[in-house]
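> Let me see the structure of the following:
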Amino acid sequence: MNPAELLTSGFRGAVVMVVGGHGDIGSAVCRQAIELGATVIAASRRSHDPDAVPHTAVQSVTLDITSTDSVRAALSFIERTHGRIDVLVNAAGSTATVPASDIHRLSDEVVDEVLASN
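Sure, this is the predicted structure:
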């Protein structure tokens, strides 16, 4: 399905993968894609958490974007179950909230995780 068809068809029949689909922004994207008629796959490290699923029509797949093996496994699953991805939305990322006065509390591990996932 080409992009012009997606825009005129309201995403009917499109396979949409939302990386970070269980977060606030990703969940909103999932819900809107469903309303537009898409088949939606929410990829997230929290895919096992039933409270994090953004919509009952969303299929969840576990994906850690910082792990090549995890990315390969998720893509292999999607290829077997859907055959393709028409639209890919990246809403994944992480952050660490630290007041400026406590910036010294940021460890190398926290900084590395934030940089790897963003």
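
> from the chain's centre, how far out does the helix or strand where Glu113 lies sit?
Assigned by DSSP states H and E, Glu113 belongs to helix 108-117. Counting by Cα atoms, centre = their mean, to the nearest Å, helix 108-117 is centred 19 Å from the centre of its parent chain.

> Likewise for stretch 60-69?
Worked out by Cα atoms, centre = their mean, stretch 60-69 lies 9 Å from the chain centre.

> do stretch 85-103 as well
12 Å.

> So what would you say the end-to-end distance of it is?
40 Å (Cα to Cα, to the nearest Å).

> just stretch 57-68 next, same as before
Per Cα to Cα, stretch 57-68 runs 27 Å from first to last residue.

> now it: mean pLDDT?
Confidence over stretch 57-68 (mean pLDDT, whole number) is 87.

> Count the residues that sit near Val111.
Residue neighbour count, defined by other Cβ atoms under 10 Å, stands at 11 for Val111. Every residue, glycine included, has its C-beta placed from N, CA and C.

> Spatially nearest residue to it (excluding sequence neighbours)?
Among residues not flanking Val111 along the chain, Ala96 sits closest, at 7.9 Å (Cβ to Cβ, 6 or more residues apart in numbering).

> and the spatially most central residue of the chain, what does it touch?
Nearest residue to the geometric centre of the chain (Cα atoms, centre = their mean): Val19, 1.5 Å. Applying Cβ atoms under 8 Å, 6 or more residues apart in numbering to Val19 gives the contacts 26, 43-44, 63, 65, 88-92.

> on that earlier part again, just the element for the residue nearest to Val111, please.
Using DSSP H and E, no helix or strand contains Ala96.

> Make sure it is actually in contact with Asp108.
No - the criterion here is Cβ atoms under 8 Å, and Ala96 misses it with Asp108 at 11.9 Å.

> neighbour count winner among those two?
Set Ala96 next to Asp108 and count neighbours by other Cβ under 10 Å: Ala96 wins out with 12 against 7.
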